[in-house]
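# my questions concern the predicted model and sequence given below.
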Amino acid sequence: MFQWTSKYNIDQPTVDEEHRELFAMINRIGEDIAAGDDSVDELESALDALLDYARTHFADEEAIMQEQQVDPRHIKRQQMEHRSFFYEIEKLRSLTADEPMAERYEKLLTFVTNWLIFHTLRTDQQLGIQLRAIAAGSEPAQAFEQSETQALSAVLYRPMVEALVHLWSDAMERVHELEKQLAAGAGSSTEDASRLEST
């Protein structure tokens, strides 16, 4: 659960409103999982709706960046992060497909929440710095440099670091799972080779 607050706004009304709605959707799914009320179909539908909304939000962000002539380096970073979000979700969905429903959706929701927290409190905050600087008359390149060097508000650090730690732990868990699968595959390959040699 993550409560959006105006302290996390970047002062771009469309982006701020969509961030609030994204986290409201996440919290509703989390409440449903905790209550044990929803079926697999309902949870899948809710997750798909969340991902559709994220897709719309990312497209809106990218359109605003183009309209405001944000530095191409930042636009490229945003586009790369947005694509990686959906790639990671699909990988996680396939890796957790055989797990019990509650575990599966808890893992998916935890990843989505922490990824969005980290992205909105880091990359999107940098976007906010640039939009404000451009509105004040800075060139896009100057605004980009400013966003790279300006310290983020202290209020952002704790949730951002916590999200990063969760993302790192999640990534390590998936690495260990893949290592087990590779080891199991290597073991069966060795057994197959031994059988072939003995025939």
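It's in. These numbers were taken from a predicted model, which means no experiment stands behind them.
# middle-most residue in the chain, spatially?
Trp115 (2.9 Å; CA atoms, centre = their mean).
# does Gln69 count as helix, strand or coil?
Classification of Gln69 using DSSP: H, G, I helix; E, B strand; the rest coil returns coil.
# hang on, Arg132 packs against Asp11?
Yes - using CB atoms under 8 Å, Arg132 is in contact with Asp11, at 6.3 Å. From N, CA and C alone the C-beta is placed, and that goes for glycine too.
# who has more neighbours, the two?
Taking other CB atoms under 10 Å, Arg132 and Asp11 do not tie; Arg132 has more neighbours (16 against 12).
# in contact with that one, which residues?
Asp11 (CB atoms under 8 Å, 6 or more residues apart in numbering).
# any buried residues in the helix or strand hosting it, and which?
Assessed by DSSP states H and E, Arg132 sits inside helix 124-135. Counting neighbours by 16 or more other CB atoms under 10 Å, one finds that the buried residues in helix 124-135 are 124-134.
# in the helix or strand that comes right after it, what's buried?
Heading C-terminal from helix 124-135, the first helix or strand you meet, by DSSP H and E, is helix 140-149. For helix 140-149, burial by neighbour count (16+ other CB under 10 Å) applies to 140, 143-145, 147.
# quick one: which of those residues is nearest Glu18?
Ser147 (20.1 Å; CB to CB).
# for that closest one, give its distance to Arg132.
For Ser147, the distance to Arg132 equals 10 Å [CB to CB, to the nearest Å].
# for this structure, which spans come out with low pLDDT?
Along the chain, the model assigns pLDDT under 70 to residues 1, 37-38, 154-158, 160-168, 170-171, 174, 178, 187-199.
# where exactly do the helices run in it?
Taking DSSP state H, the helices of the chain run over residues 13-35, 40-67, 72-95, 101-118, 124-135, 140-149, 154-198.
# who wins for proximity to Lys7 among those?
Proximity to Lys7, assessed across the helices of the chain by CB to CB, is greatest for helix 154-198 (5.1 Å).
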